[in-house]
Every structure is written in C-alpha cells, then in structure tokens.
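**Q** Model the following, please.
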Amino acid sequence: MIEKRNTDRWVRRYHAADESPVQLVCLPHAGGSASFYFPMSQSLAPAVDVLSVQYPGRQDRRNEPGITDLGLFADQLTEQLVPWLDRPMALFGHSMGAALAFEVTRRLERDHGTAPVRIFASGRRSPASFRPETVHLRDDDGIVREMKELSGTDARILGDEEVLRMVLPAIRTDYTAIENYRAAPEDTVRTPVTVLTGDSDPRTSDEEAEAWAGHTTGEFAIHRYPGGHFFLANHQQSIMRIVSDELSAAVRQG
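**A** Modelled structure (predicted):
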C-alpha cells in the first residue's frame, strides 16, 4: 500500500493539523489547482485537517499528462487517499471536483469498506443529470471564452498568452473527463451529501442540484446562494460555517 509520505504529488497540506479529529479532502474544478483551496485550509485549521488535491497537468505537475477519463481519475485518486483513512474523512468538490468526490466516495465504500462522513458538492448538477457539452472539442479561443463566461479565471492570467499555453492543455483534459462522464440514476452512496449551488449558475439548474438527493441513502441538505458558477468566492464565511458545523456534528456522532 502507498504510504502517506509518498502521496505528496497529489495531496497538499497548507496548514497541517495532525491533531484534528477530521480531514477534509478538497477537489478543484476543471483547470483548477490545489492552491484554490488555500483560503479554506487557512480558515478551517487547526480544527480541520484540509488536504488539497493537486491534479496532474498543472503547476508543479504540468509535465505530467492529464487524465481524460473521470473513472480512471477516481481510481488513481482513491489509491492516493487510502493511506489517509486513519481518521474520519469528508470530501469537498467544486464543479468537476464534486463529481470526482462522488466517484471517489463510491470506491471508498465499495472497495475499502469505509464511508466518508460527508460529501460537499458545490457548483455541480447531480451525477445523472446529463447535458451534452463539447467545450473540450473547441479551439483554444473557444475554451478561453468558456472560462470567461464562468468567471472562474483571473483576467490577468487570461491576458497572458504564455501562461495560457501552459494552462490550456490541463483545462482541455479536465473538460474531456467531465463532459464524457456518465452516471446512472441508481448510482448511490450511503455518505450524506450537502449541496451548495448558485441561483444563477448557467451550468446547474435548481432541479439538477436537487437531484443529488437521489444519489445518497444518507442525509441530504442543499444551500442556495446568490451568484453564478463561482458563487462560493463571494460567500466564503457562510460556506466555511456550514462545513465547520457539519464536520463538527459528524465527529460528535462518530
């Protein structure tokens, strides 16, 4: 089995909290990196040990090929997380990261006999809510337009062609993975699910967000916020409070 010290390509701990009773694994959106969750790590430490996942193909892993199949993505990430199962674990995923959190949880429950204490699914429709999307087939300009529409990338980066050339391959592989992802309505986990959604997110309707309830046999909760796809940037305090309260409750019940 992989040891913790050999997972550092995937797992980043910006504020290590070895004494915390619970860990929160944070999974970025398509094109995102582990550092996206630095503020969450800073806010929740030391009560929560935040593990931020660094996907292949970006930042210090930019020379590694990206993963274009979400199932394979989940297989590889689950393997990296198994050494961390010595404490209760929750998962927080935004956009593509939410679907990845669901698939990792399925594997932890099915193959390792352990259920995370909660999934926080942010900015993503339910696994079986399919929309035909082809962003990954666009040229580079088309992908940039998508990024601007979702307001998820700093305008300074969008204006730097050299940086864009480095980032776009990773974004394309991520979009390939998530746009080709399929889940069946009967695919469920026993882990409780909390959904966070923006009321004007062009990629997730209210009905699609509510449909997450059909993918868990555990508790389900949904919290709606004003804003689009990256609504969480403007509601960090409220979201941190929800995450902190629900993890504290899970530890007390555990």
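
**Q** my guess is G227 contacts Q236, does it?
**A** No: in this structure, G227 is not within contact of Q236 by Cβ atoms under 8 Å, at 11.8 Å. From N, CA and C alone the C-beta is placed, and that goes for glycine too.

**Q** who's more crowded, these two?
**A** G227 (18 against 12; other Cβ atoms under 10 Å).

**Q** Let me know the next secondary structure element after the lowest-mean-pLDDT helix or strand in the chain.
**A** Taking mean pLDDT, DSSP states H and E as the measure, the helix or strand of the chain with the lowest value is helix 155-158, at a mean of 52. Next along the chain after helix 155-158, taking DSSP states H and E as the criterion, comes helix 161-179.

**Q** so where's the chain uncertain?
**A** 1, 151-162, 164, 254 (pLDDT under 70).

**Q** got the residue ranges for the strands in this protein?
**A** 11-12, 23-27, 49-53, 89-94, 119-122, 193-198, 220-225 (DSSP state E).

**Q** and Q23, how many neighbours does it have?
**A** 23.

**Q** what's near enough to touch I171?
**A** Neighbour list for I171: 30-31, 143, 147 [criterion: Cβ atoms under 8 Å, 6 or more residues apart in numbering].

**Q** how about 10 Å then?
**A** By Cβ atoms under 10 Å, 6 or more residues apart in numbering, the contact set of I171 is 29-32, 57-58, 66, 135-136, 140, 143-144, 146-147, 153, 164.

**Q** Stretch 223-241: which residues count as buried?
**A** 225, 227-232, 235, 239-240 (16 or more other Cβ atoms under 10 Å).

**Q** so can I have a markdown table of these showing distance to G218?
**A** Shown next, in a markdown table, are the buried residues of stretch 223-241 (distance: Cβ to Cβ, whole Å):
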| residue | distance to G218 |
| --- | --- |
| Y225 | 23 |
| G227 | 27 |
| G228 | 29 |
| H229 | 26 |
| F230 | 27 |
| F231 | 25 |
| L232 | 23 |
| H235 | 24 |
| I239 | 20 |
| M240 | 22 |
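
**Q** between the residues you listed, which is nearest L44?
**A** M240 (6.6 Å; Cβ to Cβ).

**Q** Test my guess that that closest one contacts F120.
**A** No: the criterion here is Cβ atoms under 10 Å, and M240 misses it with F120 at 11.0 Å.

**Q** intersection of neighbour lists for those two?
**A** Contacts common to M240 and F120, judged by Cβ under 10 Å, 6+ apart, are absent.

**Q** on that earlier part again, out of the buried residues of stretch 223-241, list just those in helices.
**A** Among the buried residues of stretch 223-241, DSSP state H puts 239-240 in helices.

**Q** Pull up the distance across stretch 170-186, start to finish.
**A** One end of stretch 170-186 to the other measures 31 Å (Cα to Cα, to the nearest Å).

**Q** can you pull the buried residues of that stretch?
**A** 170-179, 181, 183.

**Q** Repeat that for stretch 242-250.
**A** 242-243, 246-247, 250.
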